[in-house]
Every structure is written in C-alpha cells, then in structure tokens.
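>>> Fold the following for me, if possible:
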Amino acid sequence: MKIPHSQIKPFLFTFVLLINSAFLCFGNDLNSKIDSSKTKTISFTIKLKSENKVTIKPATLKFNKHLAYSFTLDDGYRSAYLTAFPLLNGGKISNSSINEWKIDQGGDGTVSEGLFYSDGMGNKIPFKLALAINGGSIRDLPENRGHLSWSEVKEMYNAGWDILNHGFHHATKHGTNYKAEVTENTTSIQQNLDFTMSHFVVPGGEGDEKYYFEYEKEALNNRHFSVASYYGVGPVFKVDSKVDLDKMISARTFVQSSKDTTSFRTMDKYSKTIDSIVKQKDPVWFNEFTHGTGNTNLWNLSMRFPDFKYYMTTLANKYGLKGNDSIWMAPWQEVYEYIWLRDRIKVNFQHKNKEVTVTIQLPEIPETFRNRDISLNIETPSKFEIESNKDLKIKDDGKTTHKQIFIQLK
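Below you'll find the model as predicted:
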C-alpha cells in the first residue's frame, strides 16, 4: 500500500498500523532454510549489586529506541557526498557546485558538527542514510560529474551508510533485461567495493505497464531479501511483535521540495507526519526516500539543500541527541537485519541471588548480513556489571540507568 504524504493525516496512523499488522504476520519462510546444525549459543553473567527481580528480553528496536527512521537517496547523485554526508556525519558542506547537467548539486559551504542520536550508554552515533545506486553510472570523470565516484561511495559505506541495488543502468523502458539489471549491478558493486548488496530499490521511470513486478521478481529470485517498490507494505511498520520479512515488498514514500523557496512550510508538513508516528504507543519503523539534496531540486524529484538541512536538523533537535533521543536513525538494511535477528534469537536466563546467567541461542545468520547486533531490555532496579569471555563484544548501562545490554556478534 503506497501512502503519499499529502494523504497521511495524524488520525489515520492507527488505521495504517493495523493494516500493516495484517501484512506482517508471524511466519517466515527463511526459518525453514536455516540449518539448525549451524546455530550456536553465547552466554554471559550479570553481577547484580542487590537481590532484585530481573527480567530480560530482546529490545523491540536497537538501543531500546521508539522510532526507527530510514531515509534513502535514489540514483547515486553526487549531492549525497557533497551535502548530505557532511551534514549528517560532520564536516565541510560543499559550496555551490554546478555539475555537467548545469544543475547546482552543492550546499551552503558551512561546516557541520554532525547530527546524532545516542546508544543510551554514553556514545553518540551520527545519522546515517542509504544510497540506492546504479553501478553503470558511477565514475571518476568529469570533475563536475553528476553521479558519485567509487571512492565517494566507499567512504560513505565505511561510515555506516548502506548501499542498495537500484539496477545497473536504471533501465525501465520496453525491452529491459530485468535479471541482468539486478545481477550486473550486484557484480559491479562486488568487484569495486567488495561486498554483496542484499536489498533492492525498483528504479522509477517510463516502462511497460507494471514493469516493477519484473524487478521485484528478479531481485527476490537473486538473493535480495527485500524490495522497495511502487506498492507494498509500509511505509509505517509496526514492529512490537514478530515481523514477516521474507521476500518483503515495501512501498516508497518520497520527500520532495515544493516550488515555495521562501519558507519551510512543505518540510514542516513532512515533519508533522513523523510527529504523528512518534506519538504511537508502540515502537515503529518508518521509511522515506528522495533523490538529490543539492541547491537545485534535481529533476523536480528531490530536496533542495536548505530544505534537506532544515528537515534533518529539525528531526535531530526533536528526536536525536539534542531532543528526547528516541530515534534510531539507521538505513533500511541495518533496521531489517536487526529485526530479522531479534525475531530468531532465544533468550534464557537463570537468576540466583545476585547472579544472573544469560544464554542466547543464535540462528544461522546469512553471510551477506552487515549488522549482527542484539539489544536486550533488562528490567531491574539494581545496578549491575557484566562478566563474559573476551570474544564477546558487549556493552551495558548497568552503572547508570541499568536498562539495556548491547551485543555485537562477529
């Protein structure tokens, strides 16, 4: 189900969430494909300061956040590196930069301190986005190129941004070889960046009627876990119970600048949508997309940089580290992989006196997963410390708010 922003009103969100719950059922075909012989178990001990009752369960979202917000930039335009990346990650935002299409992909030339949320354990994490890219468009020349270079994509990937498959040539017209578009782009990224993409975004454009069905089919048949398309579940996902992620097809909702360049009224409307989502009782996952983020509204399908800066900064000030810190600003793949693992681990614990032994049974995790993180919600009034072997990378807030334990798997 595709839900344009213009039709989304606060009072409708409860209805939307209920509809999505019908789509996101409890089974998942991936379970039947997992070899139980390849599962393993990890364990650690919690040392309590007092003999209080303890409950432990997987956190609905990473770091016990209330809103997972994913934002994707389609087509791999260079404005992502010149403006969006330094704004969010921290750094020098480009001045005006006229590209080969005579379009300004630059920004305001300021230096950004970055936009952050926290992990709840004293560490700040920069906002991260995803890039849906076409390998056939990535190049180093000319200097005023409109698309990203391989080195720019790699730098953003290394900073935690996710890279999604968008077809090798962004082809949509009659005669397109959809399978080749999917697989050649996968090969291109493997050869140039040394990782395998696992999520697909259907390219938009002129094509045969319902051409996007062909892209969906070929992506899912060629080792992609999910597809963002014209129609599907979302863009708001209720995640407080098990989510059916198997062969997920989600609907894209775009954020775009209007003709109004004198105010931020259009961005305020988009912000109110998020405000409405945040008010939901249970944690949710929300996804949005755009194209360019430079000074010009690229192809009239993008956000002008002043709008993008205002929108992201407003989000950070309300829900990031400078606000109530309820947001997990992470790209699509990162959120998908957390929920997938969350729904498959089995957490057991035994409590005796001031000691709690925790055992977690892990499933076989797909090789292409980039993130293998577990957040545990621990409820106890007691301060605590963790004892574990050196191979287990684990953090906690036991000496402060004593509400969570975070584990990064290898």
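
>>> quick one, helices of the stretch 51-200 of the chain?
Along the stretch 51-200 of the chain, counting by DSSP state H, counting those that start in this stretch, helices occupy 79, 85-89, 150-158, 178-193.

>>> Which neighbouring elements make contact with the last one?
Going back to what we said before, that points to helix 178-193. For helix 178-193, the elements it packs on are helix 150-158, strand 162-165, helix 212-221, judged by 3 or more C-beta pairs under 8 Å, 6 or more residues apart in numbering; DSSP states H and E. (Each C-beta comes from the backbone N, C-alpha and C, glycine too.)

>>> Could you single out the most deeply buried of those?
The highest mean neighbour count among the helices and strands packed on helix 178-193, using mean count of other C-beta atoms under 10 Å, belongs to strand 162-165: a mean of 26.

>>> List of residues touching that strand?
For strand 162-165, the surrounding residues in contact (C-beta atoms under 8 Å, 6 or more residues apart in numbering) are 72, 128, 130-133, 153, 157, 182, 185-186, 189, 193, 195, 197, 199-201, 219, 224, 228, 331-334, 370.

>>> list the contacts for the residue nearest to residue 214 when sequence neighbours are not counted?
Using C-beta to C-beta, 6 or more residues apart in numbering and skipping residues adjacent in sequence, the residue nearest residue 214 is residue 178, 4.3 Å away. Each residue near residue 178 by C-beta under 8 Å, 6+ apart is listed here: 211, 214, 215, 217, 218.

>>> what's the distance between residue 178 and residue 217?
Applying C-beta to C-beta, to the nearest Å, the value for residue 178 to residue 217 is 8 Å.

>>> on that earlier part again, put together a markdown table for the helices and strands packed on helix 178-193, with distance to residue 92 on each row.
As requested, the helices and strands packed on helix 178-193 are exported to a markdown table (distance: least, C-beta to C-beta, whole Å):
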| stretch | distance to residue 92 |
| --- | --- |
| helix 150-158 | 14 |
| strand 162-165 | 23 |
| helix 212-221 | 36 |
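
>>> To residue 90, which of these lies closest?
Among these, the nearest to residue 90 by C-beta to C-beta is helix 150-158 (13.0 Å).

>>> tilt between that closest one and helix 178-193?
Between helix 150-158 and helix 178-193, the angle comes out at 90 degrees (axes from the mean of the first three to the mean of the last three C-alpha atoms, to 10 degrees).

>>> care to break this structure down by domain?
Structural domains annotated on the chain: 5-23+66-337, 36-54+344-408, as defined by automatic domain parsing.

>>> between these, which gets nearest to residue 60?
domain 5-23+66-337 (4.5 Å).

>>> Filter the contacts of strand 162-165 down to the buried ones and express that as a PyMOL selection.
Written as a PyMOL command, the selection of buried residues from the contacts of strand 162-165, which uses 16 or more other C-beta atoms under 10 Å, is:
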select buried, resi 72+128+130+131+132+133+153+157+182+185+186+189+193+197+199+200+201+219+224+228+331+332+333+334+370
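
>>> residue closest to the middle of this structure?
Nearest to the geometric centre of the chain sits residue 331, at 1.9 Å (C-alpha atoms, centre = their mean).

>>> isn't that residue right next to residue 129, touching?
Yes: between residue 331 and residue 129 there is a contact under C-beta atoms under 8 Å: 5.8 Å.

>>> what do those two both touch?
The contact lists of residue 331 and residue 129 share 71, 72, 161, where a contact means C-beta under 8 Å, 6+ apart.

>>> Make CSV from those and add distance to residue 80 and pLDDT to it.
Listed next are the shared contacts of residue 331 and residue 129 as CSV, based on distance: C-beta to C-beta, whole Å; pLDDT from 0 to 100:
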residue, distance to residue 80, pLDDT
71, 11, 98
72, 10, 98
161, 9, 98
